[in-house]
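Visitor: Task: produce atomic coordinates for the following.
(3 chains)
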Amino acid sequence: MNTLQIADLRVVLPGTERPVLDGVDLTVASGETVALVGESGCGKTLTSRAALGMVPPRAEATGTVLVDGRDMLTLGARSLRRVRATTTAMIFQDPRAAINPVRRIGDFLTEGLRLTGAWDKTRARERALTLLDAVGLKSTVLRQYPHELSGGMLQRVMIAAALMADPVLLLADEPTTALDVTTQAEIIALLGELQQRFGTAMLFVTHDLDLAAVIADRVAVMYAGRIVETGPAEEVFAAPKHPYTAALLAASPRLDAPEPRLTVIPGRVPGLHTAISGCPFATRCGHADERCATERPQSTAVPGRAEAEVACWNSESLIPQGGAAHG
Amino acid sequence: MSTLALVRRSGPRTARTTRPWLYLICAGFAVLVVLVALLASWIAPADPNSSDLSAALTGPSAGHLLGADGSGRDTLSRLIIGARTALLGPAFVVLFSTLLGVAVGVAAGWRGGWLDSVLSRGSELLLAFPGLLLAILFVALYGQGLVAPVIALSLAYTPYVSRLARSLTLSEKQRPYLAAYRVQGFSNRAICLRHLIPNIGPVVLAQSTVNFGYALIDLAALSYLGLGVPPLTPDWGAMVNEGQSALLQGQPLSAIVPCLAIVLTVVAFNVVGEHWADRVAKREA
Amino acid sequence: MAEPVLEVSGLRKTFGTHPAVDDVSFTVPAGGSLGIVGESGSGKTTTARIIVGLENPDAGHVRVDGHDRINAGRGRAERLRRAQQVQMVFQDPYLSLDPRITVGAALTETLRLHHPGTDQAARVTDLLSQVGLGAREAQALPRQLSGGQRQRVAIARALAVSPRVLVLDEAVAALDVSVQAQILNLLADLRAELGIAYVFITHDLGVVRCVTDEVAVMRRGAIVERGLTASVLAEPEHPYTRLLLESVPGPGWDPKAIVTARKALAAVEQSADAQS
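Guide: You can find the predicted model right below:
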């Protein structure tokens, strides 16, 4: 069974022309890392929040979001809180904004478990010490305040806090974007190690394609609320099947690209007030034809690639540019 | 947002301003009071100082809709004409304290250093001195009338505005658009006048609107004590004072009506000010 | 190499007891582009703020075309001349424009200060088209624009002064990949067209490769390596530069090796500190 199984998730905000999430299918198996990539406004963060049953107020959500077999969209408030406290955990982009600045680190780590009544004080403290050790921090951190720690150390505290209740699913929303590259490597190494040890499933939201390529088992590329391409990370980035994936790769400044001038994607992500008929990327796509503008492409399996799907009418005839430099 | 917290006097804060109907009623009432004050001489049914002794201490009648006071003066007319002095005084207090407070607060916040220390300590000193006491002192020194209390209260209210303006300036200073103007070569004065003050303006105005209500109470209190407007000038505070004897003789209307007018006007301006501040906070968030 | 337009020498700045910038010197040739890379706390942003005049150094000089910027007078003429030497584009396009003022009015304001008596309306149109915006954007308030559009406005506003040097402080870090590519290409075009020199502050080595000729790597307030961008990226000499390059995710990326290398570097630096 998959730890996270999102099927045909559709979220409509009141007063908008297109759904923010438009039929998202996504699975994360136990011990697996799936990277969710795309530009801002594509629905990455919303998807990861939906996995916690957090849907914007007044939004209409249909479909299923199963975490460990329970549907987060239909659970009652009480059971939802319990699932959030015990089986899922989230790591945010800015650790400083996600931590109460006037509480000591020790309180921050243990309060979740103590408040739900699951654990007593001593046991929670022992667990906190074990995890601090696992993330490479000293036990003295327990008595320190957030402002006394650097960004990298705080993010390690956040990871320790996320693992306190032994979650089966870890949602990481751009956890390293605010950090320096060398610190990023440290946090990623740590996450990988902990994931191996605890067997946690991880959904990793990022806009950094190179990072996604190196850490994820599978990637899902999102555009305008839809998943346009999925597949094994290496293969997707080496030979993208969707023009959007290819265009993103070509637009990323990187060290080993063939020439300094970047290939630009014209236009921008369609807003929520533009209705979409057909393929959402059609207006920016160099390969688009009449069919792309009118008929919505369904996700179809990519021939010769395991567990890979692409939603593009022309993907078979397409020889994408830009991905080659990466392989 | 913490910087948007207006300075309030202690007391219950039950008038939550999130209810739109409350804001609309209060805004409507405030506008009505201002209109009445502006058009007072045209809409007052009678001369506020003409005594109709036959009507003295009578209740509402066709000739005197809200009755008459102990000297037989028409309560409604005095109320309407009194709105002029009741609003004019606070208006000047708010005008002067806002101008002075913004100048002091922005200078302290923008320049920092010793200027900030001097201005901030000065403000604290003024804050420690009760406004009403300062006003009484000024009246004692410069004589009765509207001018001395208005100057005294303007000074007393300046620190409320300047403290807010200073903290707003400090937080606004963090925003790179102001640094961008410095890099562009604009003078500090131009940046403050053209960019900083207009951006912190809405919140300062909200505070000033709240201050308007407080100034109205303070000036009414002075008039009630006989230290405000000269005798015979119709004024709400003075009316309450003059109505005391009527109260004892069982015709309370001439005292209660101006009381109500004061309370309702103060509440209306408070609610409007709080609502404006909330609206700015929402827009910023 | 061409005459240097920007010359920074012996720059020092201490906050409290912490030396933020420690003896930083470099030059940028006219029309050249220097990247300053480093991590948070390396002193790169403080260096940038000193160059544009938002911060005063404890020691050192910043010269543009041979004119000292630090000890110049404080009058109006000096202020305007300093502005015409160096302009800056800030990181956050959402906070670097006055929210109340339309794009056209903001540009007119700058033009009126620096180039009074010229046809400002025509120049505003020119500037906007130079950064790929049109008349519709001139009427817009910042909040009606996307992040990329706002950053274009910020660039146009800097160009309105006609500066010799443009300092870009993480100017594309807050933008999405596709928008970032547009802005980087725009910056490359503008440099070719106007011959303006860039100082590009960034933490992203991919960006450095795209838009700079030379690069200086900063670490703990000091420049540890400097050279042509292509050669520094291909053959880094300083261990810290090597660590930075290895840390960029890509094929063969090994986070554990990076962690080890980082610890080794910190240990070397600590023992060096202990000796001095």
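Visitor: so what's the residue of the stretch 201-327 of chain A found nearest chain B closest to, chain neighbours aside?
Guide: Across the stretch 201-327 of chain A, no residue is closer to chain B than A:L272, which sits at 19.5 Å (Cβ to the nearest Cβ). (Glycine included, C-beta is placed from N, CA and C.) Distance criterion Cβ to Cβ, 6 or more residues apart in numbering or on different chains; nearest residue to A:L272, sequence neighbours excluded, is A:T16 at 4.1 Å.
Visitor: What helix or strand is the one you found located in?
Guide: Assigned by DSSP states H and E, A:T16 belongs to no helix or strand.
Visitor: what sits against the residue of the stretch 101-250 of chain C found nearest chain B?
Guide: Residue nearest to chain B within the stretch 101-250 of chain C: C:T110 (5.6 Å; Cβ to the nearest Cβ). With contact taken as Cβ atoms under 8 Å, 6 or more residues apart in numbering or on different chains, C:T110 is in contact with B:Q184, C:R157, C:A160, C:V161.
Visitor: can we see that at 10 Å?
Guide: Counting by Cβ atoms under 10 Å, 6 or more residues apart in numbering or on different chains, C:T110 touches B:180-181, B:184-186, C:83, C:87, C:120, C:124, C:127, C:156-161.
Visitor: so it sits in a helix?
Guide: Yes - assessed with DSSP: H, G, I helix; E, B strand; the rest coil, C:T110 lies in a helix.
Visitor: Return the distance of it relative to C:R150.
Guide: 16 Å (Cβ to Cβ, to the nearest Å).
Visitor: and the residue of the stretch 1-150 of chain B at minimum distance from chain C, what is it in contact with?
Guide: Going by Cβ to the nearest Cβ, chain C is nearest to B:G113 of the stretch 1-150 of chain B, at 13.5 Å. Applying Cβ under 10 Å, 6+ apart to B:G113 gives no contacts.
Visitor: Indicate the residue of chain C located nearest to chain B.
Guide: C:A83 (2.9 Å).
Visitor: Hmm, B:R182 and that residue touching each other?
Guide: Yes - if you go by Cβ atoms under 10 Å, C:A83 and B:R182 touch, sitting 8.9 Å apart.
Visitor: Mind checking which of these two has more residues around it?
Guide: C:A83 (23 against 17; other Cβ atoms under 10 Å in any protein chain shown).
Visitor: Can you classify the more buried one as helix, strand or coil?
Guide: From three-state DSSP, the assignment for C:A83 is helix.
Visitor: Which parts of chain C are strands?
Guide: Counting by DSSP state E, one finds strands in chain C at the ranges C:4-15, C:18-29, C:33-37, C:59-64, C:67-68, C:86-89, C:165-169, C:197-202, C:214-219, C:222-228.
Visitor: Would you list the phi and psi of the residue nearest to the spatial centre of chain A?
Guide: The residue lying closest to the centre of chain A (Cα atoms, centre = their mean) is A:V205, at 2.4 Å. Note on A:V205: backbone dihedrals following degrees, to the nearest 10 are phi -90, psi 130.
Visitor: got a list of what it touches?
Guide: Contacts for A:V205 were tallied using Cβ under 10 Å, 6+ apart; they are A:34-38, A:44-49, A:91, A:93, A:171-175, A:177, A:212, A:220, A:222.
Visitor: same thing with A:F281?
Guide: Contacts for A:F281 (Cβ under 10 Å, 6+ apart) come out as A:223-224, A:226, A:228, A:242-244, A:247, A:265, A:267, A:269-270, A:287-288, A:292, A:297, A:311-312.
Visitor: Looking at residue 276 now. What's its pLDDT?
Guide: Looking at chain A here, since you left the chain open. We have a pLDDT of 86 for A:I276.
Visitor: you looked at the wrong chain, it should be chain C
Guide: Confidence score, pLDDT, at C:S276: 70.
Visitor: Count the neighbours of it for me.
Guide: 5.
Visitor: circling back: find the pair from the contacts of C:T110 with maximum spatial separation.
Guide: B:A180 and C:Q120 (19.0 Å; Cβ to Cβ).
Visitor: Restricted to buried residues, select the contacts of A:F281 in ChimeraX.
Guide: Buried residues among the contacts of A:F281 (16 or more other Cβ atoms under 10 Å in any protein chain shown), as a ChimeraX selection:
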select /A:223,224,226,228,242,243,244,247,265,269,270,287,288,292,297,311,312
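Visitor: From the contacts of A:F281, list the ones also adjacent to chain C.
Guide: A:Y244, A:A247, A:I265, A:G267, A:V269 (Cβ under 10 Å from any Cβ of the partner chain).
Visitor: picking up where we left off before, for the residue nearest to the centre of chain A, give the beta-bridge partners.
Guide: Beta-bridge pairing of A:V205 under DSSP bridges involves A:L36, A:D173.
Visitor: Check the spacing between it and A:M54 real quick.
Guide: 14 Å.
Visitor: what residues do these two have in common as contacts?
Guide: Shared contacts of A:V205 and A:M54, counting by Cβ under 10 Å, 6+ apart, come down to A:L46, A:S48.
Visitor: so where's the stretch 1-150 of chain B uncertain?
Guide: Within the stretch 1-150 of chain B, the segments meeting pLDDT under 70 span B:1-18, B:55-57, B:62, B:70.
Visitor: Output the set of residues of the stretch 1-150 of chain C in proximity to chain A.
Guide: Contacts of the stretch 1-150 of chain C with chain A, taken as Cβ under 10 Å from any Cβ, map to C:V37, C:G38, C:E39, C:S40, C:G41, C:S42, C:S146, C:G147, C:G148, C:Q149.
Visitor: distance of the residue nearest to the fourth one when sequence neighbours are not counted from A:V12?
Guide: I take that to be C:S40. Nearest residue to C:S40 in three dimensions, chain neighbours excluded: A:D180, at 5.7 Å (Cβ to Cβ, 6+ apart). Applying Cβ to Cβ, the value for A:D180 to A:V12 is 39 Å.
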